[in-house]
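Colleague: turn this into a structure:
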Amino acid sequence: MPVINRIAAFHDDMTAWRHHLHENPEMSYQEHETAAFVAEKLRSFGIEVTEGIGGTGLVGVLQGNGGDGPTIGLRADMDALAIEEKNDFDHVSKRAGVMHACGHDGHTTMLLGAARYLAETRNFAGRVVFIFQPAEEMGGDDGGAARMIQEGLFKQFPCEEIYGIHNWPGMDVGDFATKAGLMMASGDGFEITVKSNGMHAAQPHKGVDLVLTAAHIIVGLQQVASRNTNPLQAIVVSATQIHGGDAYNVLPNEVVIRGTVRAFSNEARAGAEPNLRRVVDGICHATGADYVLDYTRQYPTLVNEETSAQTALAAGAKVFQNVNPNPPQTMVVEDFAFMLEDRSGCYGWIGNGPEDDGCILHSAWYDFNDAALPFGASYFAAIIEGK
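Modeller: Numbers count the residues shown, from 1 in each chain. Next comes the predicted model:
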């Protein structure tokens, strides 16, 4: 078995921790019980704990027995999503409308597993910093990674490198993927509020039909990708919400459209907002509607540093059954990108198994695959012991 034997021996313990976390999910910056659970475990392993960094974030520090060496950070996210879980297994969420639909319960558990093993063995030089981050799903400057950095994470714990992983449905358990350079997209958000006077649906000529205006805007936004961006630079503009109206026979006086913009290049990202504004302004001018457009830059692109990526691949080769050194880029975003803007490091994906029965990220039927726990914990440990 490629995983570390000692970690394999307490696989059942990790599974129990993961199920506890899955049953008790907490939203961004509400991870009080989760943080207390993590802190208690770390202290029971003999690890020094500092709480309250970035709101509900916490950090554990462990000194190795190998003398002087680097300080390496390992990071896991803790927050859940506002989704009503549809599963019916024993560890289903106990909190209505909240569930771990992205596997952060698994990420937290894998880092706890690595912490337990490393505290037992201390077969490394230098220090390891275990970073348990809140509010990954919030994103932007208000999200957990940015806030922890703003509140002095790397000043108080000056890591030379930092590593993180995310489970990846569609990859087999026992598989690992990462590479140097650009790996995950930037992510921005927008909210468009179109306004005018409402009127009877039978008399649309007496005002501006904002539902029709909103429909034109949603269609028009697609030209930002198809006609306003260099076709060699990938970008996705998606309207994900539309809200307006309360009655079947009344045209509303306000409609709100929300969505996201994903890009890989800085040029494409920089052009998205002015192009989006131009489209909205033109359509509203044509229909006679007023509008307010709020555009928020949320996640930077995630870029792995070359040397750190080679370290990650070497550690992965010791643990995983298959390692992919050149995975395709994805338009999914991750706020670990803020940490990689501040420190050298690498982010990778570990297999979570097939996407059967709705087991995809952010699905109401998602569940982290417990078989992946010893692989992730062993990978984190291999990073530290390889230094």
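Colleague: how does this structure divide up, domain by domain?
Modeller: Following automatic domain parsing, one gets these domains for the chain: 5-183+301-385, 186-298.
Colleague: any chance of those in JSON lines, with mean neighbour count and mean pLDDT too?
Modeller: C-beta coordinates here come from the backbone N, C-alpha and C atoms, glycine included. Shown next, in JSON lines, are these (neighbours: other Cβ atoms under 10 Å; pLDDT from 0 to 100):
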{"stretch": "domain 5-183+301-385", "mean neighbour count": "20", "mean pLDDT": "97"}
{"stretch": "domain 186-298", "mean neighbour count": "17", "mean pLDDT": "96"}
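Colleague: now do the helices in the protein.
Modeller: 5-9, 11-23, 32-44, 104-121, 144-150, 153-156, 210-220, 222-226, 266-287, 306-319, 336-342, 373-385 (DSSP state H).
Colleague: need those helices in CSV with distance to residue 54, can you?
Modeller: Shown next, in CSV, are these (distance: least, Cβ to Cβ, whole Å):
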stretch, distance to residue 54
helix 5-9, 28
helix 11-23, 19
helix 32-44, 10
helix 104-121, 15
helix 144-150, 3
helix 153-156, 7
helix 210-220, 36
helix 222-226, 33
helix 266-287, 25
helix 306-319, 22
helix 336-342, 11
helix 373-385, 20
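Colleague: figure out which of the ones you listed is closest to residue 188.
Modeller: With Cβ to Cβ as the criterion, residue 188 lies closest to helix 266-287 of these, at 6.8 Å.
Colleague: other SSEs contacting that closest one?
Modeller: Here helix 266-287 touches strand 186-195, helix 210-220, helix 222-226, strand 235-244, strand 254-263, strand 290-299, going by 3 or more Cβ pairs under 8 Å, 6 or more residues apart in numbering; DSSP states H and E.
Colleague: orientation of the fifth one relative to strand 290-299 in degrees?
Modeller: Orientation of strand 254-263 against strand 290-299 (axes from the mean of the first three to the mean of the last three Cα atoms, to 10 degrees) gives an angle of 30 degrees.
Colleague: convert stretch 79-94 to CSV, retaining C-alpha atoms only.
Modeller: Provided in CSV are the C-alpha atoms of stretch 79-94 (Å, rounded to 0.1, in the frame of the first residue of the first chain):
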residue,chain,number,x,y,z
ASP,A,79,-16.3,25.9,5.8
ALA,A,80,-19.4,24.4,4.3
LEU,A,81,-22.0,25.5,1.8
ALA,A,82,-25.6,26.7,1.9
ILE,A,83,-27.1,23.6,0.4
GLU,A,84,-29.8,21.2,1.7
GLU,A,85,-28.2,17.8,1.7
LYS,A,86,-30.1,15.0,-0.2
ASN,A,87,-28.1,12.0,1.1
ASP,A,88,-29.6,9.5,3.5
PHE,A,89,-26.5,7.8,5.0
ASP,A,90,-25.8,7.9,8.8
HIS,A,91,-23.4,10.9,8.8
VAL,A,92,-25.8,13.2,6.8
SER,A,93,-25.8,16.9,7.8
LYS,A,94,-27.7,17.6,11.0
